[in-house]
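Colleague: Sharing a sequence plus its predicted fold:
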Amino acid sequence: MSTAAGDLPAASTRSERRKERKKERRRRARREAAAAARAAAEALAADPEEGRRLRELEEAEAAASDRARRAFEDAERRWLEKAASRAAEEAAAAAAEEEARAAEASTRDKYNDEHRDETEDDGEWEYVEDGPAEIIWQGNEIILKKKKIKIPKRTEDKPLSQEEERPTSNPLPPQSVPVASQRREPSLSARELLEKVAQETPNFGTEQDKAHCPFYLKTAACRFGVRCSRVHFYPDKSCTLLMKNMYNGPGLVLEQDEGLEVC
């Protein structure tokens with residue numbers, strides 16, 4: 001125990017001495033560097049050529065820095081001038097465009113005001129030129145403007161349409177002129193259509209004819225009604241509308257088989 005206690009102060013003393021030696025070496029290195037710097041400064045001060053060379057080097061560095069600064073300032077000034085010129089051109093173009101739009105709008109409004117009466121009375125009146133032309137100078141342009149007068153339009157006798165001449169009582173119900181005018185060509189009647197199909201279709205009206213219903217052709221009725229897969233030739237449209245139970249009386253009782261499609 002006594003040996004270990006005696007070695008502890010010795011170890012701490014060695015570490016402290018080592019630290020002191022390191023500090024001393026650093027102090028010596030700093031003193032030597034300071035002495036070398038002083039010696040170099042004294043040598044430069046004693047040598048005029050070396051001092052002149054150093055001054056020239058410093059002046060050259062300062063001149064180069066000044067030239068770089070002036071070049072940067074000149075480039076920045078030129079860029080700002082170009083930006084200002086471009087902005088001025090854009091503003092002038094926008095102002096010219098706005099002025100052109102305003103002039104066009106003014107001209108259009110003036111034209112509309114001058115021809116407003118013409119458009120309002122266009123259905124009943126027309127305008128014709130009257131008298132010599134008026135010469136108007138606008139800059140380098142010559143405009144000839146003639147005076148117009150308003151006269152009533154010529155009225156033409158309109159032929160009476162068939163709609164106005166037709167009877168209005170049954171069996172001729174009223175029909176509109178547009179519907180009649182849409183009929184480009186006269187349509188075939190039911191009988192004419194039936195005869196045409198009979199001439200074009202072989203075995204028409206027989207069981208071999210799979211396209212047309214033979215039962216409906218013979219009896220004008222079919223038990224399948226609208227569900228029949230074959231064609232039914234219906235008669236022409238009538239001017240009188242028939243409804244269920246429209247006529248009541250002896251012999252006109254509705255049949256019980258309502259599935260028949262009676263013509």
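Modeller: Sure thing, it's come through.

Colleague: can you give me the strands for this structure?
Modeller: Along the chain, the stretches classed as strands by DSSP state E are 125-138, 141-152.

Colleague: Which one of the ones you listed lies nearest to residue 217?
Modeller: Evaluated over the strands of the chain, closeness to residue 217 peaks at strand 125-138, with 63.0 Å, by Cβ to Cβ. (C-beta placed from N, C-alpha, C; glycine too.)

Colleague: between the closest one and strand 141-152, how many degrees?
Modeller: 160 degrees (axes from the mean of the first three to the mean of the last three Cα atoms, to 10 degrees).

Colleague: Same question for strand 125-138: list its buried residues.
Modeller: Of the residues in strand 125-138, none is buried under the neighbour-count criterion (16 or more other Cβ atoms under 10 Å).

Colleague: what's the span of stretch 219-234, first residue to last?
Modeller: The first and final residues of stretch 219-234 sit 12 Å from each other (Cα to Cα, to the nearest Å).

Colleague: What mean pLDDT does that stretch get?
Modeller: For stretch 219-234, the mean pLDDT works out to 79.

Colleague: Next: stretch 95-111.
Modeller: Taken as a whole, stretch 95-111 carries a mean pLDDT of 88.

Colleague: Output the strands of the chain in CSV, with distance to residue 102 and mean pLDDT appended to each entry.
Modeller: Formatted as CSV, the strands of the chain follow (distance: least, Cβ to Cβ, whole Å; pLDDT from 0 to 100):
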stretch, distance to residue 102, mean pLDDT
strand 125-138, 17, 73
strand 141-152, 20, 74
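
Colleague: mind putting the ones you listed in TSV, distance to residue 214 included?
Modeller: Listed next are those as TSV, based on distance: least, Cβ to Cβ, whole Å:
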stretch	distance to residue 214
strand 125-138	67
strand 141-152	69
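
Colleague: Residue 231 is nearest to which of the ones you listed?
Modeller: Closest among these, once you apply Cβ to Cβ, is strand 125-138, at 58.0 Å.

Colleague: longest helix in the chain, by residue count?
Modeller: Longest helix in the chain by number of residues (criterion: DSSP state H): helix 48-120.

Colleague: circling back to that earlier point, which one of the strands of the chain lies nearest to residue 233?
Modeller: Here strand 125-138 is closest among these (Cβ to Cβ), at 56.2 Å.

Colleague: what's in contact with that closest one?
Modeller: Outside strand 125-138, the residues that touch it by Cβ atoms under 8 Å, 6 or more residues apart in numbering are 118, 142-153.

Colleague: what about burial for the residues you listed, which qualify?
Modeller: Buried by 16+ other Cβ under 10 Å: nothing, out of the contacts of strand 125-138.

Colleague: Where does pLDDT dip in the chain?
Modeller: 1-12, 115-125, 131, 139, 154-190, 235-263 (pLDDT under 70).

Colleague: domains for it, by residue range?
Modeller: Following automatic domain parsing, the chain resolves into domains at 19-96, 97-152, 188-263.

Colleague: now those as TSV including distance to residue 13?
Modeller: Output for those, formatted as TSV (distance: least, Cβ to Cβ, whole Å):
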stretch	distance to residue 13
domain 19-96	10
domain 97-152	95
domain 188-263	126
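
Colleague: Quick one: end-to-end length of stretch 201-221, please.
Modeller: Counting by Cα to Cα, you get 21 Å between the two ends of stretch 201-221.

Colleague: buried stuff in it?
Modeller: Those would be 204-205, 209, 212-217, 221, for stretch 201-221 by 16+ other Cβ under 10 Å.

Colleague: which one among those gets closest to residue 40?
Modeller: Residue 40 lies nearest to residue 212 out of these, by Cβ to Cβ, at 129.6 Å.
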